[in-house]
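Asks: Starting from these lines, generate the structure:
(one chain, ligands or ions: 2)
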Amino acid sequence: MAEARHFATIAIVGIPNSGKSTLLNALVGEKLAAVSQTPQTTRSKILGVVNRGSSQFAFMDTPGIHQPQHALNQRMLHHVEMALSEADILLWVVDADGFLGHGEKELAKRLKTATQPVYLVLNKIDLLSKGRLLTKIVEYKDLMEYREIIPVGAKMGQNLEPLWAILERDAPEGEWVHDAETFTDQTERAMATEFIREKVLRKTREEVPHGVAVVIRRWIETGHDDFPEDLAEDGAYLEVEIIVDRDNHRKILLGSGGAMIKDIRQSAQRELKKLLQRPVRLDLHIKVEEGWRDRPDKLDQMNL
Ligand SMILES: Nc1nc2c(ncn2[C@@H]2O[C@H](COP(=O)(O)OP(=O)(O)OP(=O)(O)O)[C@@H](O)[C@H]2O)c(=O)[nH]1
Ligand SMILES: [Mg+2]
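Replies: Ligands and ions are numbered 1, 2, ... in the order given. Down below sits the predicted model:
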């Protein structure tokens, strides 16, 4: 008789910057989600599928939970709620090197009301000693009950095997939902958009990253009238708008003599070449759209 199949939907939740997207990428073994040190990097729900033996795991990376200040943030939190309601297993990712603050305490209150088991993932173990890690475990144990507590270092892929072993042990019996080749629900276009925004976030600070959105206006392949003559035939030419909230943010993004936007363009182009595995030419335009984060029509257009 064939071995029984197992299937689990797993929500990856936590406050901003704890390393949720880094963990998703590490578990899937592909870069699916943008990663940066700016809180609120992830704005939607990102699926990553992994098959191991008889088990299929559907991980959902989610935006970091925070106080919503704009319609955009409310939509971000809606993605988290969706993931929390769909999942069989909740992975609560915390920055073990960080301070256990108000955000974590509020989240613990929310997770206590969940019907699913909560697995505490203490991330960034590369940054702290064994002694401090033990102190952290004690602090978090005070907040609520966990099915398991698993220390990992998502960035360097440390200690992921024990996490896999636990997930394989606990995945409920059930048919696979995704076919064996599927590893994400993200289109190349969606990933390209996110990776361009990631480059902007990595190079800007404070208020600028939060007010930035990226929209691919045109994606042109060979044969089109506007396809650049000097681009290799298998290349892709992308006309991209970087939307900012204020005119002074536009100036910051441009940088002196256009140095900043040039830098962003070059690093985004490199990243997209890796993603698409062919030559890419990016054309970036900065556009000011004041208050876009509170405009439902804009958010709809951006699939947020
Ligand atoms: N040292 C170290 N840094 C890590 C580790 N995991 C993630 N980081 C860093 O933490 C920062 C935040 O990582 P993300 O994966 O973007 O965090 P996130 O939880 O998805 O953040 P939001 O999308 O904003 O909610 C990045 O600078 C990562 O490189 C880790 O294991 N060790
Ligand atoms: Mg993220």
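Asks: Can you give me the neighbour number for D179?
Replies: By the criterion of other CB atoms under 10 Å, D179 has 9 neighbours. (Each C-beta comes from the backbone N, C-alpha and C, glycine too.)
Asks: again, but for K287
Replies: K287, neighbours per other CB under 10 Å, totals 13.
Asks: Ramachandran angles for it?
Replies: Per-residue torsions, K287: phi -130, psi 140 (degrees, to the nearest 10).
Asks: quick one: contacts for H6?
Replies: S54, S55, Q56, E168, A171, P172, E173, G174 (CB atoms under 8 Å, 6 or more residues apart in numbering).
Asks: Going by neighbour count, which residues of the one helix or strand V214 maps to are buried?
Replies: According to DSSP states H and E, V214 maps onto strand 213-220. Judged by neighbour count (16 or more other CB atoms under 10 Å), strand 213-220 contains these buried residues: A213, V214, V215, I220.
Asks: residue contacts, L133?
Replies: Contacts of L133 by CB under 8 Å, 6+ apart are A96, L122, I125, P151.
Asks: helices and strands around the strand holding V214, which ones?
Replies: Helices and strands touching strand 213-220, by 3 or more CB pairs under 8 Å, 6 or more residues apart in numbering; DSSP states H and E, are helix 188-203, strand 236-244.
Asks: what pLDDT, on average, does the last one get?
Replies: Strand 236-244 shows a mean pLDDT of 98.
Asks: and the helix or strand just after that strand, average pLDDT?
Replies: Sequence-wise, the next helix or strand downstream of strand 236-244 (DSSP H and E) is helix 247-254. When pLDDT is averaged over helix 247-254, the result is 96.
Asks: Next SSE downstream of helix 247-254?
Replies: helix 259-276.
Asks: ok, and the closest non-adjacent residue to P16?
Replies: G64 (2.8 Å; CB to CB, 6 or more residues apart in numbering).
Asks: The one you found - how many residues pack around it?
Replies: Using other CB under 10 Å: G64 sits among 23 other residues.
Asks: Secondary structure element holding it?
Replies: Using DSSP H and E, no helix or strand contains G64.
Asks: For this protein, what lies in contact range of ligand 2?
Replies: Contact residues, the chain versus ligand 2 (CB under 5 Å from the ion): K20, S21, T41, T42.
Asks: most neighbours, which of the residues you listed?
Replies: Neighbour max across the residues of the chain next to ligand 2 (other CB under 10 Å) = K20, 32 neighbours.
Asks: quick one: contacts for it?
Replies: I12, V13, G14, T42, D61, T62, G64, V93.
Asks: Just the closest of those to ligand 2, please.
Replies: Ranked by distance to ligand 2 (CB to the ion), the contacts of K20 are led by T42 at 3.1 Å.
Asks: Would you map the helices across the stretch 1-150 of the chain?
Replies: 20-28, 71-86, 102-112, 130-141 (DSSP state H, counting those that start in this stretch).
Asks: hang on, the earlier thing: tell me, which of the contacts of K20 make contact with ligand 1?
Replies: Among those, the residues that sit close to ligand 1 (CB under 6 Å from any ligand atom) are G14, T42, G64.
Asks: List the contacts of the last one.
Replies: Going by CB under 8 Å, 6+ apart, G64 touches G14, I15, P16, N17, S18, K20, P39, Q40, T41, T42.
Asks: Count the residues that sit near the fifth one.
Replies: As a burial measure, the neighbour count of S18 was computed by other CB under 10 Å and equals 27.
Asks: Is it correct that it is in contact with A96?
Replies: No - checked against CB atoms under 8 Å, the pair S18 and A96 is beyond contact range at 9.1 Å.
Asks: who touches both of these two?
Replies: Common neighbours of S18 and A96 (CB under 8 Å, 6+ apart) are N123.
Asks: Quick check: residues of the protein near ligand 1?
Replies: Checking the chain against ligand 1 by CB under 6 Å from any ligand atom, the hits are 14, 16-22, 35-37, 39-42, 63-64, 123-124, 126-127, 153-155.
Asks: Mind giving me the ChimeraX select for those, buried ones only?
Replies: The buried residues among the residues of the chain next to ligand 1 can be selected in ChimeraX (16+ other CB under 10 Å) with this line:
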select :14,16,17,18,19,20,21,22,35,36,39,40,41,42,63,64,123,124,153,154,155
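Asks: Give me the below-cutoff pLDDT ranges for this protein.
Replies: 1 (pLDDT under 70).
Asks: Where does it get nearest to ligand 1, which residue?
Replies: G64 (2.6 Å; CB to the nearest ligand atom).
Asks: What's the local residue count around whichever residue of the stretch 201-304 of the chain sits closest to ligand 2?
Replies: Per CB to the ion, L201 is where the stretch 201-304 of the chain lies closest to ligand 2, at 10.5 Å. For L201, the count of nearby residues is 21 (other CB under 10 Å).
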